[in-house]
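Novice: Next come a sequence and a model predicted from it.
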Amino acid sequence: MVKRTNILLLTLIFSLSMLLAACGSGGSNSGQGTDAGEAKSTGEQANSGQDAAGKKLSGNITVWIHPYVAEEKKDELKTVFDGAIGAFNEKHPDVKVKLEEIPWKNREQKILTALAAGNGPDVFYQLPDQIPQFANKDVLEPLTPYLEDNNMDDFSPGSLEAGTYQGTLYGLPILQEAQMMFYNPDIIKDIGEDPANVPKTWDEYNVWAEKAVAKGYYARDFNGGAACCNATLYPILWQFGGDVIDDSQNAVINNAEGVAAFQFIKDMYDKGWIPKDSISNQDQFPEYLSGKMLSVWGAGVTLSVLKTENRDYVTGPPLKGKAEASFGTVGMFVVPKKSKNKEAAAEFVKVLTNTETQMAFNKLANYIPTRKSASSIYDNDEDMKKFLEVAAYARPGVMSPVARTIMPKIQAEIAAMLEGGKTPQQAADAAAKAIQDEQSKG
């Protein structure tokens with residue numbers, strides 16, 4: 001009974017964290033830090049209270065953060081943010097920083113409503129697929145004018161691209177996520193395969209899946225009830241060579257590659273590779289923990305839970321089809337145009353995303369730093385090194401103003417297909433139309 005309670009608690013934490021990373025928080029990683037070169041260049045300003053342009057800063061800024069870590073790590077996270085505020089106030093003693101935590105749920109509407117009313121934050125957290133939505137509403141302040149002294153070459157190019165929309169940088173990244181496969185080594189042995197030689201391609205994986213199902217196991221998870229495609233449809237779609245929206249913002253989810261991905265998901269369901277509750281279940285990780293599932297698609301939080309549970313596991317790369325792809329969000333901080341203290345807000349964002357903060361935050365939350373100078377926190381962690389490799393080609397989702405509104409509509413079409421009400425072609429066509437309808441709303 002105690003063991004089952006522990007599993008339920010851990011899977012609840014896992015489910016929440018995966019949901020936040022894929023569709024909500026963007027992860028549990030924010031860090032601050034100053035690399036050695038940056039420390040030297042900014043040290044001259046430490047006692048002046050000036051920004052990069054030499055302007056003396058004062059006044060107040062309000063920063064909205066989220067519950068990035070589980071409850072038992074809240075005190076450690078507070079220490080990280082207190083350190084960031086302390087470092088900031090060493091340079092800008094006349095600026096008072098107020099941190100306010102808001103829940104993940106309905107945060108987009110809360111932020112937009114507050115900004116429209118003129119009482120919103122001066123700094124808040126965004127994910128890549130939110131940037132186009134907010135930028136399209138002319139809510140975000142371009143950051144480039146504030147970054148001349150910020151050693152931008154230290155950031156990974158992909159993390160900066162995630163905060164860029166139509167050529168303008170709006171967000172400075174603090175964390176990166178990547179996702180890959182986790183396997184149960186006991187099941188691997190039971191199906192006569194080698195845990196040291198996990199599949200690298202879908203063709204190789206399909207052989208394992210057939211053997212697993214023949215032995216009474218599920219092959220993998222598919223959490224269709226989450227109404228979020230970042231950890232369900234999208235990675236498979238990309239690996240099959242498809243996409244959701246092309247560079248010209250045309251819906252292409254129903255092209256040949258897209259229909260093939262829909263068909264494959266339907267086949268997995270019909271063959272019993274994924275559970276029958278894949279239509280509605282938001283978390284199938286308990287099936288994996290209970291030894292009923294060969295593999296699970298997961299992120300850093302998956303690794304944390306498996307280690308906490310002292311479970312044996314084997315990691316594997318995202319499966320390659322026509323392309324090598326994974327989902328991996330980027331968490332970043334932005335400044336709204338309506339901030340009454342933009343210079344101070346931008347300076348604080350620079351501290352939140354410097355090397356020192358990134359190292360502390362990401363080590364605590366088990367995510368990937370976006371500064372190269374902070375990556376040393378995982379020098380002795382072989383699993384996180386693998387995540388770093390995957391992060392090099394992970395995609396942050398759909399970069400479109402309608403990215404958030406189309407996901408539940410697409411997932412609804414997947415559900416209709418799995419229920420047998422639509423063919424893969426019909427479901428993909430309906431998803432494309434739903435995308436077009438959202439785009440037409442302006």
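Specialist: Arrived safely.
Novice: what about stretch 204-214, average pLDDT?
Specialist: Across stretch 204-214, pLDDT averages out at 98.
Novice: Give me the residues contacting that stretch.
Specialist: Stretch 204-214 is contacted from outside by 187-188, 191-193, 199, 218-220, 268, 271-273, 294, 319, using CB atoms under 8 Å, 6 or more residues apart in numbering. Any C-beta I mention is one placed from the backbone N, CA and C, and that applies to glycine too.
Novice: Inside helices: which ones of these?
Specialist: Using DSSP state H, the members of these that fall within helices are Ile187, Ile188, Met268, Lys271.
Novice: any idea which of those residues is closest to Arg371?
Specialist: Distance to Arg371, by CB to CB, is smallest for Ile188 among these, at 36.3 Å.
Novice: ok, that closest one touching Ser295?
Specialist: No: Ile188 lies out of contact with Ser295 (CB atoms under 8 Å); the separation is 9.0 Å.
Novice: And these two? Which one has more around it.
Specialist: The neighbour count for Ile188 versus Ser295, taken as other CB atoms under 10 Å, is higher for Ser295 (27 against 21).
Novice: just checking, Ile406 touches Glu438?
Specialist: Yes: the criterion here is CB under 8 Å, and Ile406 meets it with Glu438 at 5.4 Å.
Novice: Could you report the separation of the closest residue to Lys137 other than its chain neighbours from Trp64?
Specialist: Once flanking residues are discounted, Lys137 sits nearest to Leu112: 7.3 Å by CB to CB, 6 or more residues apart in numbering. Distance, Leu112 to Trp64, using CB to CB, to the nearest Å: 12 Å.
Novice: can you give me the strands in this protein?
Specialist: Listed in chain order, the strands of the chain (DSSP state E) span 59-65, 95-101, 124-126, 164-165, 168-169, 171-176, 180-183, 295-298, 314-316, 326-327, 330-334, 394-395.
Novice: Can you spell out which helices and strands pack onto the last one?
Specialist: Here strand 394-395 touches strand 326-327, going by 3 or more CB pairs under 8 Å, 6 or more residues apart in numbering; DSSP states H and E.
Novice: now what about the strand it packs on, what contacts it?
Specialist: With contacts defined as CB under 8 Å, 6+ apart, strand 326-327 is touched by 22, 178-180, 230-231, 234-235, 318, 390, 393-397.
Novice: Report the mean per-residue pLDDT for that strand.
Specialist: Averaging pLDDT along strand 326-327 gives 94.
Novice: Okay, now the sheet partners of it, with direction.
Specialist: The pairing partners recorded for strand 326-327 under DSSP bridges are strand 394-395 (parallel).
Novice: how far is the strand it pairs with from where the chain is centred?
Specialist: With CA atoms, centre = their mean, to the nearest Å as the basis, strand 394-395 stands 10 Å off its chain's centre.
Novice: Please enumerate residues in contact with that strand?
Specialist: Counting by CB under 8 Å, 6+ apart, Gly158, Gln176, Glu177, Ala178, Gln179, Tyr234, Trp238, Ala325, Ser326, Phe327, Gly328 sit against strand 394-395.
Novice: Now do the same contact list for the fifth one.
Specialist: Under the criterion of CB under 8 Å, 6+ apart, the contact list for Gln179 reads Ala231, Pro235, Trp297, Gly298, Ala299, Pro318, Ser326, Phe327, Gly328, Val390, Ala394.
Novice: please redo it, this time with the cut-off set to 6 Å
Specialist: By CB atoms under 6 Å, 6 or more residues apart in numbering, the contact list for Gln179 reads Ala299, Ser326, Phe327.
Novice: Share the number of residues neighbouring the spatially closest residue to Phe387 that is not a sequence neighbour, please.
Specialist: Nearest residue to Phe387, sequence neighbours excluded (CB to CB, 6+ apart): Ala178, at 4.7 Å. Residues lying near Ala178 (other CB under 10 Å) number 23.
Novice: Double-check Ala178 against Ala392; I have them as touching.
Specialist: No: applying CB atoms under 6 Å, one finds Ala178 not in contact with Ala392, separated by 8.5 Å.
Novice: picking up where we left off before, who has more neighbours, Ile406 and Glu438?
Specialist: Applying other CB under 10 Å to Ile406 and Glu438 shows that Ile406 carries more neighbours, namely 25 against 18.
Novice: what separates the more buried one from Gly397, distance-wise?
Specialist: Taken as CB to CB, the span from Ile406 to Gly397 is 11 Å.
Novice: residues contacting Ser295?
Specialist: Ser295 is in contact with Met181, Tyr183, Arg220, counting by CB under 6 Å, 6+ apart.
Novice: how does it look with 8 Å?
Specialist: By CB under 8 Å, 6+ apart, the residues touching Ser295 are Met181, Phe182, Tyr183, Asn184, Ala219, Arg220, Asp221, Tyr288, Gly316.
Novice: Give me the distance between it and Phe387.
Specialist: Here the criterion is CB to CB. By it, Ser295 lies 16 Å from Phe387.
Novice: any weak-confidence spans in this protein?
Specialist: The model of the chain has pLDDT under 70 over residues 1-54.
Novice: most centrally placed residue in it?
Specialist: Nearest residue to the geometric centre of the chain (CA atoms, centre = their mean): Thr329, 2.9 Å.
Novice: thought that one was touching Gln130?
Specialist: No: assessed by CB under 8 Å, Thr329 is found out of contact with Gln130, at 10.1 Å.
Novice: List buried residues within the contacts of stretch 204-214.
Specialist: Among those, those classed as buried by 16 or more other CB atoms under 10 Å are 187-188, 191, 193, 199, 218-220, 268, 272-273, 294, 319.
Novice: out of those, who's nearest Glu72?
Specialist: Nearest to Glu72 among the buried ones among the contacts of stretch 204-214: Arg220, at 29.5 Å, using CB to CB.
Novice: I figured the closest one was touching Glu287, is that so?
Specialist: No: contact criterion CB under 8 Å: Arg220 and Glu287 do not qualify, at 9.7 Å.
Novice: Thanks again, I'm all set now.
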